[in-house]
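Student: sequence and computational prediction follow.
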Amino acid sequence: MFRRRNLVLCLHALVAMIFVAMILGSVAASAQTYTVMHNFGITAKDVYSPDFSGMIAQGRDGNLYTTAPLGGGNYGAVFKVTPAGTYSIVHSFVGSDGGVPQGGLTLGTDGNLYGTTFQGGSNEAGTIFKMTPGGTITTLHTFVGTDGSNSYAPPIQGTDGNWYGTTYDGGTSSYGTVYKLTTAGVFTTLHSFDYSDGGSPYDPLVQGSDGNFYGTTQRGGTDGYGVVFKITPAGAYTVLHNFNVSDGAYPWGGPLIQANDGFLYGTTEADGSGSGGVLFKISLAGVFTVVHNMSEATDGGNPFAGVIQASDGNFYGVNGNGGAHNNGTIFKMTTKDVVSAPYSFNLTQGGFPEVTPFQHTNGILYGDTEDGGTGNVSPCKTGVCGVFYSFNASLPAFVRALPNVGRVGYKIGILGQGFSSSSVVKFNGVKATSITLTGTTFIEATVPAGASDGYVTVTTGTTTLKSLKKFTVHNSWGTGTAMPTPVRNAATGVLNGRVYVVGGSTTGTSGSTSPRNQVYNPVSNVWSSAADYPTNISGAATAEVNNILYLFGGTTTGSDVTSAVYSYNPTTNAWTSEAAMPTPRQDAAAVVESGLIYVIGGVDAGNTRYSTVEAYDPASNTWSTKAPMLVGKSEVSAALLGTTLVATGGYNGTAVTGDTEGYNSGTNAWSTLTSDPTARNASCAGVLSGSLFVAGGGNGSAALTANESFSLTTNKWTTTYAPLPQATFEAGSGVAFGQLFCFGGEDAFQGTVLSNVQIYQP
């Protein structure tokens, strides 16, 4: 349940007489260094009681910036703290420019700071603002209610440069909104919550590696206890999880984070098995797990804030209650899910923290508390004004790229410390030849030619600092760990963010088919094995429905053709025989639309190319026949774009084609679309950012490197993308985390079978 301030005020009088004992106990128990950097409420115009979503931002100057909703001249303020502890108010709100800033700040790529106010503005519904490091405020948007109101959370900057955020109230149903604000100032409400799909979001959004945004609502959903949701940049909204008390309730004030394992991590303020809230993780596909149930007696309880993954790889957060003095804790969770509380707040040095800790690039954690401290300026009183603190756990220093994505030739900001004119910047080991130094805490570097996805490093003298997250180079190819068994013409499918590469041929000629089920984890870049396919198989079509992988047809010996269908369940690690296809075939394509799997084209044992299209319903395990393609062919690249099934390329029995067709399930009809400029078959293909990308493939005996995309909206092909580094024919294809993965294949028709993994980042 929620902690109420009046209860806290009553408790303050009871604990005041034992402050000294608590301080001594706290220091003795802590192996790390906790320091109060500022006691709020020590002057008449000071701020006090920062709470909930107050995100802390590190400026280009290396200083820390955030907000407090109270004080600073009545309407709240933005304040700054240097790493050495010097505190100052940067801007005091006056109402007309906003008031009661709850959410803290986000650093933009332009060096300015962005935030929201809960109230104020011309409609008293709050504002979105931009602030220079010197304190000059520009109001970017004033909420009117129908477009949202009363935002707790600051906006975040998407990879497209635009700003995305949430409001607590307002919108169509008065349960809050998700919005987008372009760099040109165009405001769009992307989604209005209606309680059934969530309501009253406190938290900022986070952009996942797939390009979509993720967040939580404090209430609403199926059971009324809040939800985890996904929303695309275009506004397509999906509830990923409904909290139900047993797995937590009421996620407050802390943004989700995407950790190095690819999962999103967050907290709920209440409930779980111990009623003190939970720490949870959820995959981008919506698989939810309670990682830890908080215990007030040991690690603390009621986390009003989120967690961070720090430079030691462990997770850190704060609990609003519990601990040794019942004033909250700083907690730590290892990557093995072991939780401890290295510091318990004692009220004199701060208490009841409600803001997610922030790790400065110097390695030190910083945060503030709603209560505690020694400030006593009216209307706050001793013990309730709050403090700004640092917590030095001897964590490694690092650098932070801003933004963490870009193309070759783009200028990227890098935050850190100790920089000099001799500093060397590298993107995944490739040296940047153009850098601009601003003081010792900020470098602007141009992404060099040849750079690929990987860590950014800055070397100054004998010190090398590395980014915590990999920098993403758009329109570039990277490499993954080679496959344990090289194969071509394998069936591939993605389940829970892992790519299953099933079967395939181990030589360039017919025969030598394999039953192996090789599993690739794109996050860890590690291969593992799952249950083998029931027979040797190559050239099977594959599709995924409800986290089940289906394989259709193929050849078991290299000379036969089968109609067999099997499904694979990753939970049980078992294959199940399903209703056979009406038409035996190999080298077909399979695409899912509205729960049906359409199996398209293919070839029989006599080398006859099919135009046949048959639809499989996994729910009823039955087949139906659909309208045939306009051209019969095998080795087609096919995918769903919107509600249209698009099939391109392939071999028609006499030639490789670039023919592109579209199928409408509503009319059960195919139509001709613009042909691929590069005729090819057996390509690596997948949908990225709403377009069908087709890379490599073959034309005659030659393997290709061409990488092109087809947009159904414009009915046009784009040919200017970075080519495959290794020309590849019959590679396996998979799309995960917004990237296209090409597995193995061969370097020419009946050539050398490859084990490489080529990864395209659009």
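Tutor: Yes, it's here. Numbering: from 1, shown residues only.
Student: please name the nearest non-neighbouring residue to Pro486.
Tutor: Spatial nearest neighbour of Pro486, excluding adjacent residues (CB to CB, 6 or more residues apart in numbering): Ser755 at 3.7 Å. C-beta coordinates here come from the backbone N, C-alpha and C atoms, glycine included.
Student: who does the residue lying closest to Thr507 once chain neighbours are set aside form a beta bridge with?
Tutor: The shortest distance from Thr507 to any non-neighbouring residue, by CB to CB, 6+ apart, is to Val753 (6.2 Å). Applying DSSP bridges to Val753 gives these bridge partners: Glu746.
Student: hang on, Val753 packs against Arg488?
Tutor: Yes: judged on CB atoms under 8 Å, Val753 makes contact with Arg488 at a distance of 5.2 Å.
Student: which one of those two has more residues nearby?
Tutor: Legend: neighbour count by other CB atoms under 10 Å for Val753 and Arg488, higher for Arg488 (28 against 22).
Student: run through the residues that contact the more buried one.
Tutor: Shown in contact with Arg488 (CB atoms under 8 Å, 6 or more residues apart in numbering): 504-505, 508, 538, 729-731, 744-746, 753-754.
Student: would you mind measuring from Phe280 to Ser196?
Tutor: To Ser196, Phe280 is 22 Å away according to CB to CB, to the nearest Å.
Student: ok, the two, which is more surrounded?
Tutor: Comparing Phe280 with Ser196 by other CB under 10 Å, the one with more neighbours is Phe280, at 26 against 15.
Student: ramachandran angles for the residue nearest to Pro486?
Tutor: phi -110, psi 0 (degrees, to the nearest 10).
Student: try Gly111
Tutor: Dihedral angles (degrees, to the nearest 10) for Gly111: phi 90, psi -10.
Student: any idea how far it is from Tyr65?
Tutor: 12 Å.
Student: so for the two, which sits in the more crowded spot?
Tutor: In terms of neighbours (other CB under 10 Å), Tyr65 is the more surrounded of Gly111 and Tyr65; the figures are 24 against 16.
Student: surely the more buried one is within a helix?
Tutor: No: the assignment for Tyr65 is strand, going by DSSP: H, G, I helix; E, B strand; the rest coil, so no helix is present there.
Student: thought it was touching Thr82?
Tutor: No: counting by CB under 8 Å, Tyr65 does not reach Thr82; the two are 10.6 Å apart.
Student: show me what counts as buried in stretch 523-538.
Tutor: Using 16 or more other CB atoms under 10 Å as the test for burial, stretch 523-538 gives 523, 527, 530, 532-533, 536-538.
Student: typo on my end, it should be stretch 43-57
Tutor: For stretch 43-57, a neighbour-count test (16+ other CB under 10 Å) marks 46-57 as buried.
Student: tabulate the residues you listed (a markdown table), appending secondary structure and distance to Val447.
Tutor: Shown next, in a markdown table, are the buried residues of stretch 43-57 (DSSP: H, G, I helix; E, B strand; the rest coil; distance: CB to CB, whole Å):
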| residue | secondary structure | distance to Val447 |
| --- | --- | --- |
| Asp46 | coil | 43 |
| Val47 | strand | 39 |
| Tyr48 | strand | 44 |
| Ser49 | coil | 43 |
| Pro50 | coil | 37 |
| Asp51 | coil | 39 |
| Phe52 | coil | 37 |
| Ser53 | coil | 32 |
| Gly54 | coil | 33 |
| Met55 | strand | 27 |
| Ile56 | coil | 28 |
| Ala57 | strand | 23 |
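Student: ok, the residues you listed vs Thr556, which is closest?
Tutor: Lowest distance from Thr556 to those (CB to CB) belongs to Met55, with 56.6 Å.
Student: the nearest residue to that closest one once chain neighbours are set aside: how many residues sit nearby?
Tutor: In space, and not counting its chain neighbours, Met55 is closest to Gly104: 3.4 Å by CB to CB, 6+ apart. Counted with other CB under 10 Å, the neighbours of Gly104 add up to 29.
Student: I'd guessed Gly104 sits against Ile56; true?
Tutor: Yes: Gly104 lies in contact with Ile56 (CB under 8 Å); the separation is 5.9 Å.
Student: so what sits against both of the two?
Tutor: 66, 355.
Student: quick one, strands of the stretch 501-650 of the chain?
Tutor: 517-521, 526-530, 541-545, 548-552, 565-569, 574-578, 589-593, 596-600, 613-617, 622-626, 637-641, 644-651 (DSSP state E, counting those that start in this stretch).
Student: which residue ranges of the stretch 201-350 of the chain form strands?
Tutor: 206-207, 213-217, 227-231, 237-242, 257-258, 264-268, 278-282, 288-293, 307-309, 315-319, 329-333, 339-344.
Student: avg pLDDT for the last one?
Tutor: Put plainly, it is strand 339-344. Here strand 339-344 scores 96 as its mean pLDDT.
Student: just the fifth one next, same as before
Tutor: Confidence over strand 257-258 (mean pLDDT, whole number) is 96.
Student: against which helices or strands is that strand packed?
Tutor: strand 264-268, strand 307-309 (3 or more CB pairs under 8 Å, 6 or more residues apart in numbering; DSSP states H and E).
Student: pull out the CA atoms of stretch 424-436 and give them to me as CSV.
Tutor: Extracted C-alpha coordinates of stretch 424-436, given in CSV (Å, rounded to 0.1, in the frame of the first residue of the first chain):
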residue,chain,number,x,y,z
VAL,A,424,41.6,8.8,-28.8
VAL,A,425,38.0,7.8,-29.5
LYS,A,426,37.2,4.4,-31.1
PHE,A,427,33.9,2.9,-32.3
ASN,A,428,34.1,-0.8,-31.8
GLY,A,429,37.9,-0.5,-32.3
VAL,A,430,37.8,1.8,-35.3
LYS,A,431,39.4,5.2,-34.6
ALA,A,432,37.5,8.4,-35.0
THR,A,433,39.6,10.8,-37.0
SER,A,434,37.4,13.9,-36.3
ILE,A,435,36.9,14.9,-32.7
THR,A,436,36.1,18.2,-30.9
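Student: and it, what's buried?
Tutor: Under the neighbour-count criterion of 16+ other CB under 10 Å, stretch 424-436 has 425-428, 430, 432, 435 buried.
Student: turn the residues you listed into JSON lines, columns for pLDDT and distance to Arg407.
Tutor: Conversion of the buried residues of stretch 424-436 to JSON lines gives the following (pLDDT from 0 to 100; distance: CB to CB, whole Å):
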{"residue": "Val425", "pLDDT": "98", "distance to Arg407": "16"}
{"residue": "Lys426", "pLDDT": "98", "distance to Arg407": "17"}
{"residue": "Phe427", "pLDDT": "97", "distance to Arg407": "11"}
{"residue": "Asn428", "pLDDT": "95", "distance to Arg407": "14"}
{"residue": "Val430", "pLDDT": "96", "distance to Arg407": "14"}
{"residue": "Ala432", "pLDDT": "97", "distance to Arg407": "14"}
{"residue": "Ile435", "pLDDT": "96", "distance to Arg407": "17"}
